[in-house]
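[1] Here you go, sequence then predicted model.
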Amino acid sequence: MSLPHTVIAASAAKPKLQVTGLSVVYQSNGKPLAAVEDINLEISDGEFVCLVGPSGCGKSTLMNAMGGFLSPSRGSVAIDGETVSGPDRRRILVFQEYAVFPWLTVEGNIGFGLSKLPREEREQRIAHYVELVRLQGFEHAYPSDLSGGMKQRLQVARALAVNPDVLFLDEPFGALDSITRVLMRAELLRIWQAERRTIVFVTHETDEAVQLADRVVVLSSRPARIQDILTIDIPHPRNISSPRYLALRDELLKMIGLAYEI
Amino acid sequence: MKKIRQPRRWEIWLWPLVTAALLLAVWQYSVLWTRTNVFPSPLGVWHGILGLSHEHVLWADIGASLRRVAVGFGAAVLVGIPLGLCLGWFPALHQVVNPVLEILRPISPIAWIPVAIVFFGVGDPAAIFLVFLGAFFPIVVACVGGVSSVPPLFRRAGRNFGLSNAQLLRRVVFPAALPQILIGLRIALGIGWLVVVAGEMIAVDSGLGYLVIDSRNSGKRYDLVVAAMLIIGIIGLILDAGFRTIERIRSVRWGFRHAV
Amino acid sequence: MRFPIWVRPVLFILALLALWQIAIDLHPGQLLPGPIAVFAATGELLQHGLLLKHVVASLFRVTWGFVLASITAIPLGLILGWYRRGEWAFNPLVQVFRPISPLAWIPIAILWFGIGDLSSIFLIFVGSFFPLLLTAMSAVQNIPAVYINAGSNFGLSSSDFVARVIYPAVAPRLLVGMRITLGIAWLVVVAAEMIAVNSGLGFLIVDARNAGNRYDLVVAGMLIIGIIGLLLDLGMRSIGRIKYFQWGD
Ligand SMILES: Nc1ncnc2c1ncn2[C@@H]1O[C@H](COP(=O)(O)OP(=O)(O)OP(=O)(O)O)[C@@H](O)[C@H]1O
Ligand SMILES: [Mg+2]
């Protein structure tokens, strides 16, 4: 099962997502503050890419620019060769903060992007994704009655439900306990393999990155630049105690500049 | 340690009754003690209320006041909510219009009476116009505040699902702002009730406000004055309580969790 | 091209004034004045020192009524809010009194205090008292339990507890309530002066109308009321911005 390899090889000619010379400069108290600088990145169709980097380096900023929520100061982002100029339901961003709507129930939130579907199909999909993120029994609960982790799972379900072809996930499992997090990773991998979506995933956990990604993009501290790219060539399911896995994880830690002996 | 206590059922009734009884006793006693024959005793007021309710005018006056509030408040809702949503949606427009609103807002609706009379003559439309003015500004302010305090995150999430401007307003911004808008409407209704009574004391010759001033002017019937005041208070309380039940509806209740 | 921030609002006001003037010019013989006449009337008021007299009279009444209401209603509200039984006992009564228009108290005010300053101060007092009482009650009840627990955790004496936990926790909310209430007091004073006294901005309006339909003076009076109300509000806002009252919000 060497899926990632074949995917990269097959679509190397035509990238799904192409970032060229992307820079973002904020105005903070009148002074320019460069958050992202000269990012060049090609992501092929169906690829799973993780972005890692120190806190505050500009990962969320980069995601927002790729998703079309932020117009770049220089450079451009193109998906399927088409320049991104605004948000679009074909590419959904799962935000780092809880962005579920407090006035809708769990069902209402998951169905938010599905209003054009016929009723029956919509309900089927909602039920499917409720099950997928293990929120059964809470279909009619409001977000204020959910825990932080449940809200984040709800946000992921809402994003998946509209079948986006690119999914941007900004530290989606940051607030989850470690067990749920492992379960959610497995679910995400399962969904990814079943439905062939391109996923860009921000994390600051090296383990998470090595477990999930085809490629890990290591960003420098602010302003974010691409410092290194690590290709993870282990087929799924990955054995997290295999020598190859450990070697890659150590390499990643070294790239980030962390000693692995504490 | 301060314990979180729910009132017991009997306490909810007992304590208000005790204070009300004490208040009535003090009132009765001070009327007796000062030997006034102008200010009525609680008993006198009770007879006043009974007398009024037999006389038929009371119901006509209550109806007149409620009708004016309903029309004026309704008009303020119809004009104020769209305007407020619009101003909240376009901050640049709000910046331009806001100074004018801020100058007009502190002008007591009562101070508009001369102008209202020029426009509408003496009578119902003038009083309704005053209610409209009193309710309009709080509604606009609440809508602007509600819309502009919708977290940008929600708008971005909505946009991400491909919503057009109109859809974003209807499906994200309006529901997110609704709790604050409802609070504004409740305040506006309260102000409308204050204003209609005040307006009726000056501009027209029916309604509860007129009942107050007329009872005084025609024969110093202070028992009727106080009776009318109590009725005004109780109706205002009922209006407010009615509005609060709207806030308990499921889809808006999320915004009031912490406020209850 | 970038304008300073105040240019557009000012242009908007000027445009409204121009529209107003044009509307008046199109309907000659109207009772209502145009902005030019209003401007002239304001000048006239200023010249005779009448304006100052009326403004001072109104502000005097508002200050007294509002201050008296503050020093009675706020402590009472804080106490009632702290002791839940107090709230259960008084809340229903307060709720009945609150929706009574302060103007409906006019007959009683005249009966008790006669026609004059005292009456209208009483009306402002009544108009401010209930909103302040309710704000103070809810401010105490909304102190997050964690503050109270944390405060008692450090073993503060009760006066320290009030000064270092209760007061800072309550101040921002109280201040907002006071700002809103001052707005109400300003609405009430104008209305009260139209009935119960013979000076002040409200009196100016009624008098200008009754004595010869001087609608230019009426509208000038209204605009001055609006501007002073706005200034009062801005003043309260800037007090709210002082560090001592503020801790996020
Ligand atoms: N709207 C903004 N205006 C000005 N500066 C901003 C804005 N948003 C972010 N920044 C700054 O840009 C830098 C990058 O922020 P960003 O949110 O992209 O970091 P991040 O890598 O996602 O951090 P974390 O891992 O903590 O989520 C930070 O220094 C931040 O202060
Ligand atoms: Mg981030």
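    Looks like it came in fine. Ligands and ions are numbered 1, 2, ... in the order given.

[2] So is stretch C:81-93 next to chain B?
    Yes: using Cβ under 8 Å from any Cβ of the partner chain, stretch C:81-93 comes into contact with chain B via C:84-85, C:88-93. All C-beta spots, glycine's among them, are computed from the backbone N, C-alpha and C.

[3] Format those as a markdown table; extra columns: neighbour count, distance to ligand 2 and pLDDT.
    Output for the residues of stretch C:81-93 next to chain B, formatted as a markdown table (neighbours: other Cβ atoms under 10 Å in any protein chain shown; distance: Cβ to the ion, whole Å; pLDDT from 0 to 100):
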| residue | neighbour count | distance to ligand 2 | pLDDT |
| --- | --- | --- | --- |
| C:84 | 18 | 44 | 77 |
| C:85 | 13 | 49 | 80 |
| C:88 | 19 | 48 | 81 |
| C:89 | 20 | 51 | 83 |
| C:90 | 20 | 50 | 85 |
| C:91 | 19 | 46 | 83 |
| C:92 | 16 | 50 | 83 |
| C:93 | 14 | 53 | 85 |
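
[4] Adding secondary structure, write those out as a markdown table.
    Formatted as a markdown table, the residues of stretch C:81-93 next to chain B follow (DSSP: H, G, I helix; E, B strand; the rest coil):
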| residue | secondary structure |
| --- | --- |
| C:84 | helix |
| C:85 | helix |
| C:88 | helix |
| C:89 | helix |
| C:90 | helix |
| C:91 | helix |
| C:92 | helix |
| C:93 | helix |
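
[5] ok, so of those, who is nearest chain A?
    Taking Cβ to the nearest Cβ as the measure, chain A lies nearest residue C:84 of these, at 24.8 Å.

[6] Could you report the neighbour count for residue B:246?
    11 (other Cβ atoms under 10 Å in any protein chain shown).

[7] Contact partners for residue A:196?
    By Cβ atoms under 8 Å, 6 or more residues apart in numbering or on different chains, the contact set of residue A:196 is A:45-46.

[8] how close does it get to residue A:164?
    In this view, residue A:196 and residue A:164 are 12 Å apart by Cβ to Cβ, to the nearest Å.

[9] just residue C:68 next, same as before
    Look at residue C:68 and residue A:164: by Cβ to Cβ, they are 63 Å apart.

[10] Between these two, which is the more surrounded one?
    Taking other Cβ under 10 Å, residue C:68 and residue A:164 do not tie; residue A:164 has more neighbours (22 against 16).

[11] what about residue A:22, which SS state?
    On the basis of three-state DSSP, residue A:22 is classed as strand.

[12] tell me, how many neighbours does the residue lying closest to it once chain neighbours are set aside end up with?
    Counting by Cβ to Cβ, 6 or more residues apart in numbering or on different chains, residue A:22 lies nearest to residue A:75, which is 3.8 Å off, once chain neighbours are set aside. Other residues near residue A:75 number 17, with proximity taken as other Cβ under 10 Å.

[13] Which part of the stretch 101-250 of chain A gets nearest to chain C, residue-wise?
    In the stretch 101-250 of chain A, the residue that lies nearest chain C is residue A:144 (16.4 Å; Cβ to the nearest Cβ).

[14] Any idea how many residues pack against that residue?
    12.

[15] from memory it sits against residue A:103, does it?
    No: counting by Cβ atoms under 8 Å, residue A:144 stays clear of residue A:103, with 10.1 Å between them.

[16] What residues of whichever strand or helix holds residue C:138 count as buried?
    Using DSSP states H and E, residue C:138 maps to helix C:117-141. Buried residues in helix C:117-141, defined by neighbour count with 16 or more other Cβ atoms under 10 Å in any protein chain shown: C:117-140.

[17] So which elements touch it?
    helix C:50-82, helix C:84-97, helix C:106-113, helix C:167-193 (3 or more Cβ pairs under 8 Å, 6 or more residues apart in numbering or on different chains; DSSP states H and E).

[18] tell me the contacts of residue A:202?
    A:50-52, A:59-60, A:63, A:96, A:169-171.

[19] would CSV of those with distance to chain B and secondary structure be doable?
    CSV is the format used below for these (distance: Cβ to the nearest Cβ, whole Å; DSSP: H, G, I helix; E, B strand; the rest coil):
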residue, distance to chain B, secondary structure
A:50, 21, strand
A:51, 19, strand
A:52, 23, strand
A:59, 16, helix
A:60, 12, helix
A:63, 11, helix
A:96, 10, coil
A:169, 13, strand
A:170, 11, strand
A:171, 14, coil
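
[20] Kind regards, and thank you for your time.
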